[in-house]
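Q: how does the following fold in three dimensions:
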Amino acid sequence: MQKKIKVAAVSYLNTKPLLYGIRRSRIWNEIELTVDYPARLVAQMQGGHIDIALLPVAAIPSITGARIVSKYGIAADGNVASVALYSEVPLAQIENVYLDYQSRTSVRLARLLLDQHWKQKVNFLEADEHYTDRIKGTTAGVIIGDRALQNLGNFNYIYDLSKGWKEFTGLDFIFAAWVSNKELPEAFLAEFDEANALGLSHLDEVIAENPYPAYDLKTYYTDNIKFLLDERKKDGLKKFLELIN
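A: Next up, the predicted model:
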């Protein structure tokens, strides 16, 4: 019996279109799929427990032999909506920033923008599961994923990190990409891309399966999230990795 390829992805709304296709494609019987939050996927790949994962791009340099193996991922060209700095006061008044414990890329991007783009000196605070309740006064917080969408109406000031990156560099931004640190069959990788594309061609079905009153998913999947990692996105990734390393 052929050993199944272990695939892992983040458990956010932004992956639903990709996973929709994977679950309905020919490769479904060839893989074992797990979902978790981004930081845990990094540890699983570093430990050799998974073969391919939708990883936060900031983690790529920390994984020996890591490389992007698909033309699909999670990217943005301007407002991404689900990765932002949330605050009750304007940027210039922020003194402390909680960093979302679920993500490495968003945290590195926030640090970079605050230091080099917004020129705002702050104290960074480690976040726990309930840190969003402590975003008050001059203490802001980076929130990502579904919780970010849920909080869009709860704060006076929201600084979208992808928009900030676009203003800072003029480039697009890749948040996560399908990454592997081992040789995988070319035929499998071709089918894997076809599976991702299948989900993206059925967005109405994906939205119907995931009712979400907090934000319009049609807008999210077509305007905010860019799933195809074209050369403009890769240029942005190269610049980001240069700046954080």
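
Q: which residues does the most centrally placed residue in the chain contact?
A: Within the chain, the residue whose C-alpha comes closest to the C-alpha centroid is residue 175; the distance, by C-alpha atoms, centre = their mean, is 4.1 Å. Contacts were defined as C-beta atoms under 8 Å, 6 or more residues apart in numbering; by that measure residue 175 touches 56-57, 73-76, 80, 83, 105-106, 162. To be clear about C-beta, it is placed using only N, CA and C from the backbone, and glycine gets the same treatment.

Q: rerun that using 6 Å as the cut-off
A: With C-beta atoms under 6 Å, 6 or more residues apart in numbering as the criterion, the residues that contact residue 175 are 74, 105.

Q: how close does it sit to residue 162?
A: From residue 175 across to residue 162, the span is 8 Å (C-beta to C-beta, to the nearest Å).

Q: pLDDT score for the residue lying closest to residue 212 once chain neighbours are set aside?
A: Among residues not flanking residue 212 along the chain, residue 13 sits closest, at 6.6 Å (C-beta to C-beta, 6 or more residues apart in numbering). The score at residue 13 is 95. That number is its pLDDT.

Q: next, give phi and psi for residue 13.
A: Note on residue 13: backbone dihedrals following degrees, to the nearest 10 are phi -60, psi -30.

Q: that one touches residue 147, doesn't it?
A: No: the criterion here is C-beta atoms under 6 Å, and residue 13 misses it with residue 147 at 10.6 Å.

Q: who has more neighbours, those two?
A: Set side by side, residue 13 and residue 147 show more neighbours around residue 13, with 21 against 15, by other C-beta atoms under 10 Å.
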